[in-house]
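S.K.: only the shape, not the letters, is given here:
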């Protein structure tokens, strides 16, 4: 018990001493500072961050919106160039396809011309032979009647075939397809050149539009179908072929710019006058001659075979000259058909028509050309006419010398045709 009381006394003594020590030491109070700490955005349960709002006062006035507009226009311009290039490539694919179409159809129609000519001549000569045999043995037998009927049927069939051939003119159709293939290949090379030269600056919509117009003009100038859109084989007057779109002359002067000069311009104009007065006029005359000859042969063939068919029907019926008329007309019809289709008079007419169109195009190009370099264009004109540059310049001086001397130019511009 004594020890327990002693421990309690010690505890009470120590507590009183601690109290006295605390009262003896005074701790000064620190001054208060109001510190505002910015609140950090705290993610809520929806994982959204609350951002402080701010105002754009004066931002619209200082920001350069033209930069964004230029960037947008640049992007749109690049997209447009890609689009126009794709369109031109699509036109090129169609041109290549048309080349093969016209080539295949031209070969087919050439076979028509050969096969039909051989067939109709064989039919006509066989019928003429049969009519001659019937006229020599016309004694009223059944065999002679059978020969008469056979010769009449053959001649009537020949008349129909010849009329069909003269209507469609297979040789002329073949020449049309040849010209179409050649001109479509020229257009294909032109489009490929544009794609190469304008790979960096880009294809314009005008280039695509011009290519499409040229394709459509070629389709119209050299149609593929025989019914409805076939070209008139016997027109009232000779007209040059036209396979290019109408060219609108530009008002911009080309003198002393892009390789052009006043002397060069005058030189090419004089060449154009020679082309118009000599070459184009000469081919127009030749075309009219071929047209008239083809028309006469086209009419005479069916008429002669028709007369032979009718005469063959009268053999052995009291008309002694029926056999002679049938045989003679059938033979003349075979000769006329061979001259027209074997000699390909229709092809010759189409060749003259196309050549006259070539000179018309060259003359129009000289008058309206503004974009190409003058010296390059002069070289192209010289080569198209089969001349060197010195010969072309000499040709340009001929009209002025002829006017001074009072003579007529006796030389053609082209040395190719």
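M.R.: On my side now, so go ahead. Here the structure is a predicted model, which is why all the values come from computation and not from measurement.

S.K.: okay, and residue 153 sits in which element?
M.R.: If you go by DSSP states H and E, residue 153 is part of helix 142-168.

S.K.: okay, helices next: where are they in the stretch 251-400 of the chain?
M.R.: Along the stretch 251-400 of the chain, the stretches classed as helices by DSSP state H, counting those that start in this stretch are 262-274, 281-313, 322-337, 345-368, 374-384, 389-405.

S.K.: buried ones in the last one?
M.R.: By that I understand helix 389-405. Residues 392-393, 395-396, 398-399 are the ones in helix 389-405 that count as buried (16 or more other C-beta atoms under 10 Å). The C-beta positions use only the backbone N, C-alpha and C, and glycine is treated the same way.

S.K.: can you list the residues you listed in a markdown table and add distance to residue 261 and pLDDT?
M.R.: Output for the buried residues of helix 389-405, formatted as a markdown table (distance: C-beta to C-beta, whole Å; pLDDT from 0 to 100):
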| residue | distance to residue 261 | pLDDT |
| --- | --- | --- |
| 392 | 15 | 92 |
| 393 | 13 | 91 |
| 395 | 18 | 90 |
| 396 | 13 | 90 |
| 398 | 20 | 84 |
| 399 | 19 | 81 |
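
S.K.: ok, residue 114 to residue 168 distance?
M.R.: From residue 114 across to residue 168, the span is 14 Å (C-beta to C-beta, to the nearest Å).

S.K.: could you do residue 329 as well?
M.R.: 23 Å.

S.K.: what bits of the stretch 1-150 of the chain have low per-residue confidence?
M.R.: 1-78, 137-144 (pLDDT under 70).

S.K.: what helix or strand does residue 101 sit in?
M.R.: Residue 101 belongs to helix 65-136, assigned by DSSP H and E.

S.K.: how near is the closest residue to residue 373 other than its chain neighbours to residue 380?
M.R.: Spatial nearest neighbour of residue 373, excluding adjacent residues (C-beta to C-beta, 6 or more residues apart in numbering): residue 259 at 4.0 Å. To residue 380, residue 259 is 12 Å away according to C-beta to C-beta.

S.K.: same check on residue 160?
M.R.: For residue 160, the distance to residue 380 (C-beta to C-beta) stands at 49 Å.

S.K.: what do you get for residue 146?
M.R.: Residue 146 sits 68 Å away from residue 380, going by C-beta to C-beta.

S.K.: with residue 81 instead?
M.R.: According to C-beta to C-beta, residue 81 stands 28 Å off from residue 380.

S.K.: those two: which is more packed in?
M.R.: residue 81 (17 against 14; other C-beta atoms under 10 Å).

S.K.: who touches the more buried one in this structure?
M.R.: The contact partners of residue 81, taken as C-beta atoms under 8 Å, 6 or more residues apart in numbering, are 202-203.

S.K.: OK, contacts around residue 349?
M.R.: By C-beta under 8 Å, 6+ apart, the contact set of residue 349 is 172, 287, 290-291, 294.
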